[in-house]
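A.B. asks: Okay, predicted coordinates and the sequence, questions at the end:
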Amino acid sequence: MRRAALAILACAMTALAPTFAAGWDVGALMALLRANPAGRAHFVETKEITSLLDRPLESSGELTFTPPDRLEKHVTSPGDERLVADRERLVIEQGGRRQELLLADYPQVAVLIESIRATLAGDRAALERTYTLQLSGDAPAWRLVLKPRDAAAAKLVTRVTIEGSQARVQRVAVEQADGDRSLMRIIP
Amino acid sequence: MSARRGLAVALWVAALALCALQVARTRFVADLSSFLPAAPSAEQRLLVEQLRDGALSRVMLLGIEGADAATRAVLSRSLAGRLRADARFATVANGASDNLARDKDFIFDHRYALSPRAGPDRYTAAGLRSSIGATLALLASPAGVLVKPLVPRDPTGETIAVLESLRPAQGPRTGDGVWVSRDGARALLVARTRASGADIAAQAEALDAAQRAFDAAAAQTGAAAHGARLAATGAGVFSVRSRALIEHDVVRFSLLGTAIVAALLLAAYRSATALALGLVPVVSGALAGVAAVSLGFGVVHGITLGFGTTLIGEAVDYAIYLFVQSERAERAGDAQWLAGFWPTVRLGVLTSIAGFSALLFSGLPGLAQLGLYSIAGLAAAALVTRFVLPGLLPARFRVRDLSGAGRVLAAGAERARALRWPIAAAALLALGFIASRGPAAWDPDIASLNPISAADRALDAKMRADLGAADGRHLAVVRGASLDAALEAAERAGRALDAEVAAGRLAGYDSPARMLPSAGTQRARLASLPAEGALRANLREALAGSALRAERLEPFVADVQRARGAAPFTRAELAGTTLEAALDGMLVGDDAHGWTAMLGLRAAPGASLDAAALRAALAAVPGALLLDVKGELDALYAGYFRRALAMSAVGLAVIVLLLFAALRSPARVAAVMAPLVAGVAIVAAGHLVLGTRLSILHLVGLLLVVAVGSNYALFFDRLRRAPAAVERTLASLALANATTVASFGLLSLSSIPVLHAIGSTVAAGAVLTLAFSAALAPPAPRHA
């Protein structure tokens, strides 16, 4: 019920947002995304870790974003796992254990979290601190390619591709330098 | 000059030379540990040792304030980097984990000996399936990039399990990658100095180095660092500050006290020669006092020297009595003065010495120093006044006749007599008030001896709380003959505490056995690892149907086999890790005296520890003690307080006995004691009314009031019998009182509690006992 309300609200926001094609650039995309209220969505993710695993890991669950910087990923299958990126911290709850990491201490993790979180928040400054941005398409179907600026991060992550329509983020694809890759689809 | 006087002067010169020689080789100290009680029980001794120069004393907490959060984080990293390169610091932690590579390597290499989850069930097919399943789930998360490199060698996640067990349950908050206070307004660092906290010179250097490193870091950071400040706290920092405070106050008050007393004397005598001669007993007394303390204690405390100014106030009185009271002013020190006044002065000196003896036996080394210093100093000053000073006086020596001032005083004293009933009433009221306050009149907190300002102590407490360090107040202490026995005991205590944690009565605890498990525990953990064939079979079964194939885990099989054959690691192998520094704070001792393990206990936020429940839980562990650090220190202090009270009572009794022996009349003794009792009662009640609870130092001050006031009362007793010299006697008493009040009053301005409490008590007491001596003196016999 609540999710439906959020979706309607999101659509309404989208309709109201400035979608004139003439001004379509990173700034316009960010303005659209910034207008997003807090919301939840389902996700399905596949992760290929070719160096270790014979087949992709699949997981699904719920994604909750509270602007500007709280992102919760609740994996409900397989198992039950919760990841909360809140400001500078990452909390991982798994099998009754709770672990807390500082994103600043783990740039490899931070670079991944930040790509999604800053995009959802429409935080251009944060994105540009970490990545070079390249936007293509138009408002109904856009694609934002992020490449890490930091050399150390670039050794881990080659690029993050985010696709969406209007203010909705639909796919996040991560390509890692060692050939591992993941694709997350977000379903409202 | 007669031959006898010549001999006295020669002996005096020789004694002064010997004293000077002793003083020249004296070591002066300024740390406050002498004012901490010497602890009687083994646990308390350990505690005081730890506080003085153990690992606890080496911790320096640094805070960076001002500027913005990002700049503070930059400064924290830069400061930590600089201090790590400084040989004066053993370890520096600021929450940034870039410096923990050595720790991570160590933990990874010894994960099977360290892992609290090790056990036979862990490596069965079912155990492996569960632990590897959890690792795969983690691998799918963003944090997966962290564990991915570890998986082939550590698929069961032991490294993470160990890291978790070592992390304090409530570590410090972090902001911008470094530790920050709960409100985020301060970046926090914890440094450990190599030098012990008792080595104040080295601590001062370390503090200085930290400040310089911070200044350099701020200069490098540029304009953004403008307004950033470094705050430092910790036992060593406090010692450095106390010393600076003591040195500052001692120098300032000694110089000022001397100047004021000299000005008073010059105004009274109008003769530079008289002033110089008047200071002869003072200087002799000070030299003798320092020499006596140096001989008796090996070292002389800065506070003892600061106390020296008070000696000026009392020792200068003897020369005043000699100069001013002599009948024939042109020939002071003649036989008549010696016959008439000297016995009174002598009795005053003896009562003072009886009073100071209470300090000598107080059990607090610092106060015993003050006692010895005063006894030796006063005795020397009195002897010099009696035997040497008369021989030094020039043939036509005279001071200004103060009879005029004396007449005014005599008239005042006469009028003061009208006040004797109000004074008696006030004294009774004061005694009643003190009695009504009961034990609340006494300050049971050892912090009353601490010269560190309340603001500094509050900052220290706040920074400790922010660091989430075990509060340091409650410790579970276990002992063992060997290091390993102590670790085993710590493990037993840990199991008892685990139950308390599970029951919610305890938030957590730190144990040295987490970093360095006992050899037995390590062996048991390593022995629970399966042999190669069994492990492969279990892995195959556990990974059936999994995306992870057993072949990928060959490095794991190899590591497990290596670990099975490994010997338990020892303390030496922790060298260079931050674990070593943490362990140093929890595990102390040597093989000759045994080892002590200290487990710091943490209360849940906002709750206090239930000491009784914890004691009951620890009762199951042989030899385990729950140590309440502050409680123990306060108990120690209370013990010394009781002893000091008892010694004061003895001192008072000795004074009364002395008076009986000299005056041989209960009525006269009562007349002498009445102003002293009234003065002491009203000063003590005054402190309470002003909101100051009486500490052991006020007690010392009250003893001094008795010592100083007894001189006044004795002179009034003498006046009753020989009223002829009344003007001169009163003038000399007023002058002596003025010098005492000036020097002690000056001490009351000191920010050091020891000096402030004594100064304010004695200055007020001296004025009151003189006034009361005048008012309460029985009227002179009629025939005068």
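C.D. replies: All right, it came through fine.

A.B. asks: immediately after the lowest-mean-pLDDT helix or strand in chain B, which helix or strand?
C.D. replies: Ranked by mean pLDDT, DSSP states H and E, the weakest helix or strand in chain B is helix B:42-53, scoring a mean of 63. Counting by DSSP states H and E, the next helix or strand C-terminal to helix B:42-53 is strand B:59-65.

A.B. asks: Given that following strand, what are its sheet partners and their directions?
C.D. replies: Here strand B:59-65 is paired, per DSSP bridges, with strand B:187-193 (antiparallel), strand B:229-233 (antiparallel).

A.B. asks: Now it - C-alpha only, PDB.
C.D. replies: Output in PDB follows, covering the C-alpha atoms of strand B:59-65 (Å, rounded to 0.1, in the frame of the first residue of the first chain):
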ATOM      1  CA  VAL B  59      48.500   6.900  27.800                       C
ATOM      2  CA  MET B  60      48.200  10.400  26.300                       C
ATOM      3  CA  LEU B  61      44.800  11.400  24.900                       C
ATOM      4  CA  LEU B  62      44.900  14.000  22.200                       C
ATOM      5  CA  GLY B  63      42.000  15.900  20.900                       C
ATOM      6  CA  ILE B  64      41.800  18.200  17.900                       C
ATOM      7  CA  GLU B  65      39.300  21.000  18.200                       C
END
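
A.B. asks: That one: which residues count as buried?
C.D. replies: B:59-64 (16 or more other CB atoms under 10 Å in any protein chain shown). In this view, the C-beta of every residue, glycine as well, is placed from N, C-alpha and C.

A.B. asks: ok, and what's touching that strand?
C.D. replies: Outside strand B:59-65, the residues that touch it by CB atoms under 8 Å, 6 or more residues apart in numbering or on different chains are B:72, B:75-76, B:79, B:181, B:185-193, B:206-207, B:210, B:214, B:228-237, B:459-460, B:463-464, B:467, B:585.

A.B. asks: Just the buried residues of the next helix or strand after it, please?
C.D. replies: Downstream of strand B:59-65, the next assigned helix or strand under DSSP H and E is helix B:69-84. In terms of neighbour count (16+ other CB under 10 Å), helix B:69-84 has its buried residues at B:71-84.

A.B. asks: next one: stretch A:145-158
C.D. replies: A:145-146, A:148, A:153, A:156-157.

A.B. asks: What is the nearest of these to residue B:246?
C.D. replies: Of all the buried residues of stretch A:145-158, residue B:246 sits closest to residue A:153, with 54.5 Å by CB to CB.

A.B. asks: Tell me how many other residues crowd the residue in chain B positioned nearest to chain A.
C.D. replies: Of all residues in chain B, the one sitting closest to chain A is residue B:177 (3.1 Å; CB to the nearest CB). Residues within reach of residue B:177, counting by other CB atoms under 10 Å in any protein chain shown, total 23.

A.B. asks: any idea how far it lies from residue B:379?
C.D. replies: Residue B:177 sits 65 Å away from residue B:379, going by CB to CB, to the nearest Å.

A.B. asks: And what about the residue in chain B sticking out farthest from the centre, helix, strand or coil?
C.D. replies: Going by CA atoms, centre = their mean, the residue of chain B most distant from its centre is residue B:545, 66.6 Å out. Of the three states, residue B:545 takes coil under DSSP: H, G, I helix; E, B strand; the rest coil.

A.B. asks: In contact with it, which residues?
C.D. replies: Contacts of residue B:545 by CB under 8 Å, 6+ apart: none found.

A.B. asks: Over to residue A:164?
C.D. replies: A:142, A:144, A:170-171.

A.B. asks: Take these and lay them out in JSON lines including distance to residue B:405.
C.D. replies: Shown next, in JSON lines, are the contacts of residue A:164 (distance: CB to CB, whole Å):
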{"residue": "A:142", "distance to residue B:405": "101"}
{"residue": "A:144", "distance to residue B:405": "97"}
{"residue": "A:170", "distance to residue B:405": "102"}
{"residue": "A:171", "distance to residue B:405": "103"}
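
A.B. asks: Just the buried residues out of those residues, in ChimeraX syntax.
C.D. replies: Burial among these is assessed by 16+ other CB under 10 Å; the matching ChimeraX selection reads:
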select /A:142,144,170
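
A.B. asks: mind checking pLDDT for the residue lying closest to residue B:391 once chain neighbours are set aside?
C.D. replies: Leaving aside its chain neighbours, residue B:391 sits nearest to residue B:5 (3.5 Å; criterion: CB to CB, 6 or more residues apart in numbering or on different chains). Here, the pLDDT recorded for residue B:5 equals 76.

A.B. asks: Then the one 5 residues further on?
C.D. replies: If you check residue B:10, the pLDDT there is 89.

A.B. asks: so which helix or strand takes in it?
C.D. replies: helix B:3-24.

A.B. asks: which helices and strands does that helix pack with?
C.D. replies: Counting contacts by 3 or more CB pairs under 8 Å, 6 or more residues apart in numbering or on different chains; DSSP states H and E, helix B:3-24 is packed against helix B:272-297, helix B:389-392.
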